[in-house]
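> Kindly return the folded structure for what I paste below:
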Amino acid sequence: MPCTLRAGPVAVLLGLALGCLALGPALGPGFVLVQDMVFVPDPVFTRFTFGLAGSAPRVVPSDAVVTALSWVLPADVVQKAILLGVFVLGCSGAALLVPSERLVPRLVAGTFYVWNPYVAERLLMGQWALLLGYAALPWVVRAAGSARRSAVAMAPAAAGGFAAMTITALTALATAAFPEGRAPWRARMAQVVRVAAVPAGFSLPWLVPTLLRPGVLTGDAIGVEAFAARADGPFGAVGSLLSLGGIWNAQAVPVGYDTVVGAVGRLVLCLAGIAGFAVARGLPYRRGLAVAAAAGFGIACLGVTAAGRAALGGLVEAWGGFAVFRDAQQFVAPLALLAAVG
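Numbers count the residues shown, from 1 in each chain. Below is the predicted model:
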């Protein structure tokens with residue numbers, strides 16, 4: 001307990017320091033505009049904000065959250081607070097998830113979780129809303145035994161929107177369904193139902209507009225090839241995914257990832273984390289997080305093979321909501337948490 005009390009504040013400060021180092025000039029005056037991240041001065045609520053106009057409600061409810069916060073603080077300050085919050089929330093959550101009496105292993109886990117290829121590539125894509133859900137994953141795992149605590153832990157993912165909540169739901173349901181110990185089957189299923197109600201409720205802001213406009217959520221298989229995981233180093237697409245990279249956009253790959261030294265370093269660190277987790281004992285969430293990581297990695301590998309792309313294309317054409325699986329690399333998020341803890 002003393003270590004936990006000390007680890008929390010220290011991990012918060014560490015996350016803040018790592019965020020400042022990663023963001024650098026982005027914390028200066030003004031707005032940062034990069035790919036999907038577009039914050040504007042004095043945003044206003046419109047029908048598009050709530051998914052009642054335009055295309056599919058992909059910005060629901062994240063745009064509404066930013067607009068509401070911008071009534072209280074300047075919009076550029078809101079942007080910087082959200083970006084720093086990703087590092088603080090993720091680092092402190094991963095640190096507290098490690099059951100160690102020592103402070104250093106907790107801080108190592110927190111650092112690994114927010115300072116890796118997944119976070120770097122998604123930042124360069126400007127996908128702050130997805131990273132909100134990513135940052136909250138450790139808290140979701142800690143809260144998986146309680147629907148009430150799960151609601152609080154999933155709030156950042158709820159603000160992030162559909163993709164963030166999909167990854168969060170995968171992790172939460174796996175952790176609830178596969179607890180450590182010999183829980184009765186009915187008790188486990190009852191817990192899964194209680195936990196599943198939380199992301200279902202949080203999904204209503206985008207689900208209701210979708211149901212009100214049934215023709216807006218359509219999909220085709222064209223984007224499956226474009227958004228499939230790509231090799232960002234010499235070890236191929238699967239090796240890149242195991243290194244927590246593999247994003248489809250070459251412009252979002254940091255410099256040096258394709259060098260042998262950089263690629264080997266990333267892969268060795270991730271495999272060491274996975275091996276450490278595999279031999280760990282006494283983690284109350286061990287089985288559930290392992291299932292979530294394996295499922296997420298499997299989804300991430302869907303686009304690597306022609307058969308996987310064909311199957312995913314069929315799903316997307318059957319229902320446009322399956323398009324969330326096209327950018328499948330984002331589903332290695334549970335694997336990143338597993339490696340950080342390991």
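
> if I look at the residue lying farthest from the centre of the chain, how far off is residue 148?
The outermost residue of the chain relative to its centre, with distances by CA atoms, centre = their mean, is residue 184 at 30.5 Å. Distance of residue 184 to residue 148, computed by CB to CB, to the nearest Å: 22 Å. (Each C-beta comes from the backbone N, C-alpha and C, glycine too.)

> doesn't residue 230 fall inside a helix?
No: looking at residue 230 with DSSP: H, G, I helix; E, B strand; the rest coil, it is coil, so not inside a helix.

> Would you confirm that it contacts residue 246?
Yes: between residue 230 and residue 246 there is a contact under CB atoms under 8 Å: 6.2 Å.

> Neighbour count for these two, which is higher?
Here residue 230 and residue 246 are compared on neighbour count by other CB atoms under 10 Å; more neighbours surround residue 246, at 30 against 19.

> Assign a three-state SS to that one, would you?
coil.

> Not counting sequence-adjacent ones, nearest residue to it?
Computed as CB to CB, 6 or more residues apart in numbering, the closest residue to residue 246 that is not its neighbour in sequence is residue 240, at 3.6 Å.

> which ones are touching the residue farthest from the centre of the chain?
Contact criterion CB atoms under 8 Å, 6 or more residues apart in numbering gives no residues in contact with residue 184.

> Look up how far residue 42 lies from it.
According to CB to CB, residue 184 and residue 42 sit 55 Å apart.

> before we move on, what about residue 178?
Separation of residue 178 from residue 42 (CB to CB): 47 Å.

> Neighbour count for the two, which is higher?
Neighbours per residue (other CB under 10 Å) separate residue 178 from residue 42, with residue 178 holding more: 19 against 9.

> joint contacts of residue 230 and residue 246?
237, 240.

> What segments of the stretch 201-342 of the chain are helices?
Under the criterion DSSP state H, counting those that start in this stretch, the stretch 201-342 of the chain contains helices at 204-212, 222-227, 236-242, 260-279, 286-300, 306-318, 333-341.

> Please render those helices as TSV that adds mean neighbour count to the earlier fields.
Output for the helices of the stretch 201-342 of the chain, formatted as TSV (neighbours: other CB atoms under 10 Å):
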stretch	mean neighbour count
helix 204-212	16
helix 222-227	17
helix 236-242	22
helix 260-279	16
helix 286-300	21
helix 306-318	15
helix 333-341	27
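
> What strand or helix carries residue 179?
For residue 179, there is no helix or strand it lies in under DSSP states H and E.

> Give me the pLDDT value at it.
Looking at residue 179, its pLDDT is 87.

> For it, list the residues it contacts.
Residues in contact with residue 179 (CB under 8 Å, 6+ apart) are 144, 145, 188, 191, 284, 285, 287, 288.

> swap in residue 45?
Contacts of residue 45 (CB under 8 Å, 6+ apart): 64, 67.

> In a helix, it, correct?
No: counting by three-state DSSP, one finds residue 45 to be coil, located in no helix.

> residue nearest the centroid of this structure?
Central residue of the chain (CA atoms, centre = their mean): residue 134, 2.7 Å from the mean position.

> pretty sure it contacts residue 121?
No: using CB under 8 Å, residue 134 is not in contact with residue 121, being 11.7 Å away.

> where along the stretch 51-200 of the chain do the helices fall?
In the stretch 51-200 of the chain, the helices defined using DSSP H, counting those that start in this stretch lie at 62-69, 75-97, 103-114, 117-124, 128-142, 147-153, 155-160, 162-177, 185-202.
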